[in-house]
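A.B. asks: pasting a predicted model and its sequence here:
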Amino acid sequence: MIEAQTRYAVQAIQAMRRRRLDFIDVRPEVQDAFGAELARKLRRTVWATGCSSWYKTPEGELVTWPGFTFDYWLRTRRIDLRRYEVRAAPG
């Protein structure tokens, strides 16, 4: 998963350089949908049964991937800038 994250971040940086962007940021509706999906999937895991674990924040939120590594790789294999707000650099 670390390799997939790194590859995704490099793609984002390359897209920013190629398109001369000041920033890219996840669209709020995309972030909300992703968070809701993770929460739904995490409810069915052992981590949601009341145990204490480093997978939980002090507030009790779960912060682990609820699926297969292969699924994570599929989701991060190519950046889709339509899911991001972007701003072009001046000039």
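C.D. replies: Happy to help now that I have it. Residues are numbered from 1 along each chain as shown.

A.B. asks: just say helix, strand or coil for the residue nearest to residue 55 when sequence neighbours are not counted.
C.D. replies: Leaving aside its sequence neighbours, residue 55 sits nearest to residue 64 (C-beta to C-beta, 6 or more residues apart in numbering; 4.4 Å). Where C-beta positions appear, they are placed from N, C-alpha and C, glycine not excepted. Using DSSP: H, G, I helix; E, B strand; the rest coil, the structure places residue 64 in coil.

A.B. asks: mean confidence for the lengthiest helix in the chain?
C.D. replies: The single longest helix within the chain, with elements called by DSSP state H, is helix 2-19. On average, the pLDDT along helix 2-19 is 96.

A.B. asks: can you count the residues close to the residue nearest to residue 55?
C.D. replies: Number of residues near residue 64 (other C-beta atoms under 10 Å) recorded here: 12.

A.B. asks: now do residue 66
C.D. replies: Residue 66 has 18 neighbours, counted by other C-beta under 10 Å.

A.B. asks: all set now, cheers.
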